[in-house]
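> Predicted model and sequence below, questions to follow.
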Amino acid sequence: MTVLNTKSKIVTSRWEKGSILLDPGGEGATFCFIRSGMARVFLMTEDGREITLTLMKGSAKPTFLCLCTKGVGIEFMDTTKVALLSIDELLREAGSDPKNLHCIMQQIYKYFEQYQLKIEDLAFRSVEARLARQLVLLAERFRASNSAAGVMIELNLTQDNLASLISASRPSVNIAINKLRQQGLILMHDGKIVIPSVELLKAAALI
């Protein structure tokens, strides 16, 4: 689902792979939309830890990526084009098409719903269940074509990446990965994670 019209006059900026944009909102809140490429949104905590909030791949249409507030950063994992809008620019853009406001509300709701789920994960789920849940979400967002082995997540994820995604330590993620592999819930193929049965993994994630 898109928020910005593809004919929008909003200026986009191009970022090379490996670039990092810190505190793009400054003292205020800025709405970020991804037009192409791939980006990781993260939060820097007061004690210096980095927590990944979301990973998103650009599509044919501009899509809401994140609300940039103090402490939020964006790492560009590919050459990426984004648009940064103030609240006034966003409202002006929404007013250009009656359908835009509905799309904006849906995407912002989904954005905050993700963080509510993160809080629930930290409070009620083990590292193994949090990892299983995150892999299910990644499979839905970065699904490669199905194979006889199952659903492949089209990302080269390190244990550090996964640890940041579920707010856990690398050693605990390593233990959780081994447990999921021993149960046959995930496989590794050419550095990528393959899920033989998404439904079984959902059960492990308590979804």
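Everything's here; your move.

> mind checking the backbone torsions on residue 206?
Torsion angles at residue 206 (phi, psi; degrees, to the nearest 10) stand at phi 60, psi 40.

> from what I can see it touches residue 129, true?
Yes: Residue 206 is within contact range of residue 129, at 5.4 Å (criterion: Cβ atoms under 8 Å). For glycine as for every other residue, the C-beta is placed from the backbone atoms N, C-alpha and C.

> Can you give the distance from stretch 95-115 to the centre of its chain?
Distance of stretch 95-115 from its chain centroid, counting by Cα atoms, centre = their mean, to the nearest Å, is 17 Å.

> Show me which of residue 206 and residue 129 is the more surrounded one.
Applying other Cβ atoms under 10 Å to residue 206 and residue 129 shows that residue 129 carries more neighbours, namely 17 against 13.

> buried residues in stretch 155-166?
155, 157, 159, 161-166 (16 or more other Cβ atoms under 10 Å).

> before we move on, what about stretch 112-122?
118, 121.

> contacting residues for the closest residue to residue 70 other than its chain neighbours?
Computed as Cβ to Cβ, 6 or more residues apart in numbering, the closest residue to residue 70 that is not its neighbour in sequence is residue 23, at 6.3 Å. If you count contacts by Cβ atoms under 8 Å, 6 or more residues apart in numbering, residue 23 has them with 68, 70-73.

> quick one: which of the residues you listed is nearest to residue 88?
Residue 88 lies nearest to residue 68 out of these, by Cβ to Cβ, at 15.1 Å.

> Okay, and the beta partners of the closest one?
residue 30 (DSSP bridges).

> Output the below-cut-off pLDDT ranges for the protein.
Counting by pLDDT under 70, the low-confidence segments of the chain come to 1-10, 24-28, 144-147.

> so residue 31 makes contact with residue 88?
No: checked against Cβ under 8 Å, the pair residue 31 and residue 88 is beyond contact range at 10.7 Å.

> More neighbours: those two, which one.
residue 31 (24 against 8).

> quick one: that one from residue 87, how far?
Separation of residue 31 from residue 87 (Cβ to Cβ, to the nearest Å): 7 Å.

> Then residue 202?
The value you get for residue 202 to residue 87, if Cβ to Cβ is used, is 37 Å.

> So those two - more neighbours on which side?
Each of residue 202 and residue 87 has its neighbours counted (other Cβ under 10 Å); residue 202 has more, 16 against 11.

> so who does that one touch?
Shown in contact with residue 202 (Cβ under 8 Å, 6+ apart): 132, 136.

> Over to residue 73?
Residues counted as contacts of residue 73 (Cβ under 8 Å, 6+ apart) are 20-24, 41-44.
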